[in-house]
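Participant: the following block contains a protein sequence and its predicted model.
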Amino acid sequence: EIVMTQSPATLSVSPGERATLSCRASQNVGSRLAWYQQKPGQAPRLLIFDTSNRATGVAARFSGSASGTEFTLTISSLQPEDFAVYYCQQYNDWPPQHTFGQGTKLEIK
Amino acid sequence: QVQLVQSGAEVKKPGASVKVSCKASGYTFTTYYIHWVRLAPGQGLDWVGCINPASGGTNYAHKFQGRVTMTSDTSVTTAYMDLSSLRSDDTAMFYCATSVLPRTHFDYWGQGTQVTVSS
């Protein structure tokens, strides 16, 4: 099973500042990685797919990138509505065995 | 617009089974795979498995194999997840979600169904 490791577990950032969230895959997943945002009491919401493609309606301040098996979600200037939990997901395994990271909680500093 | 509406909260005893439904609308039911994802308190997201409503074919996560059965009914555009031998660590929110292919991201999500396992 491909293990996804997110860091840090909690990230404290002030509004207007930049946030960088990391996700490492235990083996190669190519570009088959997505990021989701989840707020309390809500379902996860797709932000980024295939490493760097923003989903429909997602603000341009969200961007995704990768270097090998290290993936990064960057939020360029944090807005109040961005404080949430973020999960990465790999979908490279065949037959499908999707795995998620444990999540990074982005909180207001 | 695509909507996934899940059945209501359930309370079950350890060892029992639970069946959760996911009613789809706003698209052709057989064109999207439906996945199920578990979110337990203090834990991350756990993929349970997926079903292709067009064929009924399924893929299950190794950790749930033997305990989970996924089905779908095209006549009512609804997918179902049946989880048996419930344990306390199955106390969680279960979500259904769609994808165009079995090995891609999840575009749309249901609102979630709380399952509580308690004696």
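Facilitator: Everything's here; your move. Numbers count the residues shown, from 1 in each chain, chains lettered A, B, ... in the order given.
Participant: CA only for contacts and neighbour counts going forward, please
Facilitator: Noted.
Participant: show me where chain A has strands.
Facilitator: A:4-7, A:10-13, A:19-25, A:33-38, A:45-49, A:53-54, A:62-67, A:70-75, A:85-90, A:99-100, A:104-108 (DSSP state E).
Participant: mind putting these into a markdown table with mean neighbour count and mean pLDDT?
Facilitator: Converted to a markdown table, these look like this (neighbours: other C-alpha atoms under 10 Å in any protein chain shown; pLDDT from 0 to 100):
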| stretch | mean neighbour count | mean pLDDT |
| --- | --- | --- |
| strand A:4-7 | 20 | 97 |
| strand A:10-13 | 15 | 96 |
| strand A:19-25 | 21 | 98 |
| strand A:33-38 | 24 | 98 |
| strand A:45-49 | 23 | 98 |
| strand A:53-54 | 18 | 98 |
| strand A:62-67 | 18 | 98 |
| strand A:70-75 | 20 | 98 |
| strand A:85-90 | 28 | 98 |
| strand A:99-100 | 24 | 96 |
| strand A:104-108 | 19 | 96 |
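Participant: now tabulate these in TSV and tack on distance to chain B.
Facilitator: Below are the strands of chain A laid out as TSV (distance: least, C-alpha to the nearest C-alpha, whole Å):
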stretch	distance to chain B
strand A:4-7	10
strand A:10-13	13
strand A:19-25	13
strand A:33-38	6
strand A:45-49	6
strand A:53-54	11
strand A:62-67	14
strand A:70-75	15
strand A:85-90	8
strand A:99-100	6
strand A:104-108	9
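Participant: nearest to B:L86, out of those strands?
Facilitator: Among the strands of chain A, strand A:99-100 comes nearest to B:L86, with 21.6 Å by C-alpha to C-alpha.
Participant: packing partners of that closest one?
Facilitator: Of the remaining helices and strands, those touching strand A:99-100 by 3 or more C-alpha pairs under 8 Å, 6 or more residues apart in numbering or on different chains; DSSP states H and E are strand A:85-90, strand B:45-51.
Participant: so what's A:A19 closest to, chain neighbours aside?
Facilitator: Spatial nearest neighbour of A:A19, excluding adjacent residues (C-alpha to C-alpha, 6 or more residues apart in numbering or on different chains): A:I75 at 5.1 Å.
Participant: can you list the residues of chain B near chain A?
Facilitator: B:43-47, B:49, B:59-62, B:95, B:102-112 (C-alpha under 8 Å from any C-alpha of the partner chain).
Participant: OK, contacts around the one residue in chain A that gets nearest to chain B?
Facilitator: Of all residues in chain A, A:Q102 sits closest to chain B, at 4.3 Å by C-alpha to the nearest C-alpha. For A:Q102, the contact set (C-alpha atoms under 8 Å, 6 or more residues apart in numbering or on different chains) comprises A:M4, A:T5, A:Q6, A:A9, A:Y87, B:Q43, B:G44, B:L45.
Participant: what's the closest of the residues you listed to B:Q6?
Facilitator: Closest to B:Q6, out of all of the contacts of A:Q102 and judged by C-alpha to C-alpha, is B:L45, at 17.6 Å.
Participant: contact partners for the closest residue to the closest one other than its chain neighbours?
Facilitator: With C-alpha to C-alpha, 6+ apart as the criterion, B:L45 has its nearest non-adjacent residue at 4.9 Å, and that residue is B:L39. B:L39 makes contact with B:L45, B:D46, B:A92, B:M93, B:F94, B:Y95, according to C-alpha under 8 Å, 6+ apart.
Participant: list just the nearest of the residues you listed to B:G15.
Facilitator: B:A92 (15.5 Å).
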